[in-house]
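K.L.:
When you get a sec, could you give me coordinates for this:
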Amino acid sequence: MLRHISIRDFVIVDQLDIELEAGFTALTGETGAGKSILLDALALALGERADPSQIREGKSKAEITVVFSIVDSLLNRMKAFLDNEGFSLEDDGQTIILRRIIESNGRSRAFINGSLATLAQLKSLAEQLIDIHGQHAHQALMKTGAQRDLLDEYGQLQALRAEVSQDFHAWHEAKQQLNNALHAAEHLLKEKERLAWQVNELNEISPQPGEWAEVEENYQRLSNASRLLDGAQTALHHLQEAEPHVEQLLSQAYDAIEDLAKIDSHLEDARLAIESALIQSQEAAQNLNRYLQKIELDPDRLADIEERMKTLFSAAKKYRVNPEDLPQLWQDTQIQLQAIEDAQDISALEKKCAAQLAIYEKSAKKLTQARQKVAKDLSSKVTLAMQDLAMTGGQFAIHLETLAEPSAFGQESIEYLVAGHPGVQAKSLAKVASGGELARISLAISVITSEASQIPTLIFDEVDSGVGGAVAAMVGKRLQELGQKHQVLCVTHLPQVAACAHQHWKVTKQIKDLSTVSEINYLDRQGRIQEIARMLGGENLTDTSLRHAREMLSL
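P.N.:
Now for the predicted structure:
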């Protein structure tokens with residue numbers, strides 16, 4: 001439920017705070033007083049695009065905050081959504097706060113429970129909390145797409161429709177693959193031949209991961225074998241064979257200082273260093289001996305390695321890659337060749353396409369059957385509502401026409417048909433001549449579909465335009481009944497509708513300090529009498545209009 005709306009420096013609103021309650025709330029005021037500004041601000045907090053021109057003149061930013069109290073039936077779903085998006089409920093465990101800041105430089109920021117959020121996150125969350133029926137809803141209903149969406153929303157068929165859409169796109173993709181294979185056979189054949197030739201050549205070379213680094217290392221070692229052999233022998237000669245050799249000199253030095261270090265401890269570090277050098281020279285000699293046992297001059301092996309290097313380098317140059325990248329090129333080429341061979345399997349693609357179409361047709365059939373059932377129910381309820389809206393004997397029907405071609409929305413088009421009077425042939429809603437009839441039918445549909453909605457808060461923005469008298473009273477009654485199950489907020493110019501509300505707010509426009517300011521005030525019973533009297537007879541209140549207002553509220 002929407003509990004609180006706070007607006008700061010938005011258009012002509014200086015500072016505005018509204019505490020809302022459950023049930024049916026009416027919002028009234030003279031034309032231009034700022035009722036639409038309130039809904040515009042609310043829409044911004046719900047994720048609509050912002051414009052710096054909406055900031056109150058002379059201010060650097062505008063700020064809108066709305067507070068929702070989550071009913072128990074929605075609590076688990078809201079928790080799951082917030083957790084998935086990285087947010088959480090407020091500390092009381094049942095509150096969601098949406099906040100929007102618009103700055104004069106064109107930037108805007110959105111927050112969910114104090115944490116920065118994207119507009120997409122804000123809008124996704126808001127769609128589960130509040131539903132706004134605009135004053136031009138009847139114009140949108142003239143579009144077949146809107147009629148289809150409304151039927152599916154009323155029947156809660158969104159999940160089934162999403163499944164149909166997914167199956168359609170899977171079939172369409174399979175069909176596209178088949179068409180591509182059929183129309184590009186010649187091109188694919190040439191590409192297949194090129195890739196096959198390249199794979200065969202790389203198969204002969206068979207480059208292995210890490211091979212180039214190993215070949216380079218072996219080449220360096222074999223090509224410098226003589227130099228390596230001579231150097232190792234010379235080093236070993238100096239260590240153990242020369243007269244005197246290194247080990248002999250170090251041993252003599254150690255003998256000379258060993259006893260002296262016992263007399264003077266200051267020589268201990270020198271003794272340890274000489275001892276360490278002697279051990280290291282012995283280890284170095286052992287390593288050189290092992291190295292000399294392994295190293296050999298192998299011109300044949302060197303020739304083989306030089307030939308392998310030449311082969312790998314030549315292939316790398318030909319395919320414009322580094323030699324170490326040849327193994328990956330070989331693998332990628334094999335994958336590409338296999339993909340073309342798979343794509344050229346027309347029979348397999350035809351089977352896949354047929355299988356995907358069968359899956360689509362199965363889910364689309366389920367959607368059709370569900371729509372037929374929902375259409376019958378909605379048609380009956382709207383027809384019944386029309387009898388109370390000065391359209392006695394009128395009929396409303398939803399026609400499902402099978403499409404010639406499958407679509408992502410299913411296998412049928414949806415069209416709303418209306419007969420405004422008995423004996424009149426039902427026609428497309430888009431062809432209803434009377435604007436008043438269209439407005440009344442649209443209102444009936446909006447109210448009935450809202451009754452089935454799981455969204456807790458519903459807002460009706462002058463959807464009662466074009467009606468009056470007893471019809472307006474019936475509209476107010478239906479909104480009042482709707483307020484028993486949902487929180488309903490209605491912007492209205494009709495006193496009959498406002499009189500049915502559980503709560504009543506009035507928007508006024510005043511001049512303060514040479515600036516226009518919009519304000520909103522909660523009306524007690526006496527205030528409601530005066531406002532409804534104004535709506536009945538104008539600014540000059542009379543005893544008659546006041547008496548009529550009291551009667552309307554009493555009823």
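K.L.:
Only the buried residues of the helix or strand containing Glu481, if you could.
P.N.:
Per DSSP states H and E: Glu481 is located in helix 469-482. When burial is assessed from 16 or more other Cβ atoms under 10 Å, helix 469-482 yields the following buried residues: 471-476, 478-480, 482. (Glycine included, C-beta is placed from N, CA and C.)
K.L.:
dump the residue contacts of Ser515.
P.N.:
Glu57 (Cβ atoms under 8 Å, 6 or more residues apart in numbering).
K.L.:
what pairs with it across the strands?
P.N.:
Lys512 (DSSP bridges).
K.L.:
residue contacts, Leu151?
P.N.:
Leu151 is in contact with 157, 371, 374-375, 378, 398, 414, counting by Cβ under 8 Å, 6+ apart.
K.L.:
Repeat the analysis, applying 7 Å as the threshold.
P.N.:
For Leu151, the contact set (Cβ atoms under 7 Å, 6 or more residues apart in numbering) comprises 371, 374-375, 378, 398, 414.
K.L.:
want to try CSV for those residues, with distance to His486 as columns?
P.N.:
Formatted as CSV, the contacts of Leu151 follow (distance: Cβ to Cβ, whole Å):
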residue, distance to His486
Arg371, 25
Val374, 20
Ala375, 23
Leu378, 18
Ile398, 24
Ile414, 25
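K.L.:
Export the buried residues of helix 469-482 as TSV, with columns for pLDDT and distance to Glu19.
P.N.:
Listed next are the buried residues of helix 469-482 as TSV, based on pLDDT from 0 to 100; distance: Cβ to Cβ, whole Å:
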residue	pLDDT	distance to Glu19
Val471	80	32
Ala472	83	28
Ala473	85	28
Met474	84	30
Val475	84	26
Gly476	87	23
Arg478	85	25
Leu479	87	20
Gln480	90	20
Leu482	85	21
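K.L.:
What helices and strands are in contact with the helix or strand hosting Trp197?
P.N.:
Assigned by DSSP H and E, Trp197 belongs to helix 185-205. Here helix 185-205 touches helix 326-343, going by 3 or more Cβ pairs under 7 Å, 6 or more residues apart in numbering; DSSP states H and E.
K.L.:
Give me the buried stretch members for the helix it packs on, please.
P.N.:
So, applying 16+ other Cβ under 10 Å, buried residues of helix 326-343: 326-327, 329-330, 333, 336-337, 340, 343.
K.L.:
Name the nearest residue to the residue nearest the centre of the chain, ignoring sequence neighbours.
P.N.:
In the chain, the centroid-proximal residue (Cα atoms, centre = their mean) is Ala120; its distance is 6.4 Å. Nearest residue to Ala120 in three dimensions, chain neighbours excluded: Gly47, at 7.5 Å (Cβ to Cβ, 6 or more residues apart in numbering).
K.L.:
Would you confirm that the one you found contacts Gln128?
P.N.:
No: using Cβ atoms under 7 Å, Gly47 makes no contact with Gln128, being 11.9 Å away.
K.L.:
For the residue nearest to Arg99 when sequence neighbours are not counted, give the beta-bridge partners.
P.N.:
Leaving aside its sequence neighbours, Arg99 sits nearest to Phe111 (Cβ to Cβ, 6+ apart; 4.1 Å). For Phe111, the beta-bridge partners are Arg99, Leu116 (DSSP bridges).
K.L.:
so what pLDDT did Phe111 get?
P.N.:
pLDDT recorded at Phe111 is 94.
K.L.:
After the helix or strand bottoming out on mean pLDDT in the chain, which helix or strand is next?
P.N.:
Scoring the helices and strands of the chain by mean pLDDT, DSSP states H and E places helix 137-140 at the bottom, with a mean of 57. Next along the chain after helix 137-140, taking DSSP H and E as the criterion, comes helix 144-154.
K.L.:
per-residue confidence averaged over that next one?
P.N.:
In this model, helix 144-154 has an average pLDDT of 86.
K.L.:
same question, stretch 53-62
P.N.:
The average pLDDT for stretch 53-62 rounds to 89.
K.L.:
what does stretch 258-276 give?
P.N.:
The average pLDDT for stretch 258-276 rounds to 84.
K.L.:
next one: stretch 163-180
P.N.:
For stretch 163-180, the per-residue pLDDT averages 92.
K.L.:
likewise stretch 1-10?
P.N.:
Mean predicted confidence for stretch 1-10 is 92.
K.L.:
before we move on, the earlier item: wait, isn't the residue nearest to Arg99 in contact with Ala117?
P.N.:
Yes: contact between Phe111 and Ala117 holds when scored by Cβ under 7 Å: they sit 6.0 Å apart.
K.L.:
shared neighbours, those two?
P.N.:
In contact with both Phe111 and Ala117: no residue, using Cβ under 7 Å, 6+ apart.
K.L.:
neighbour-wise, which of these two wins?
P.N.:
More crowded of Phe111 and Ala117, by other Cβ atoms under 10 Å: Ala117, with 23 against 17.
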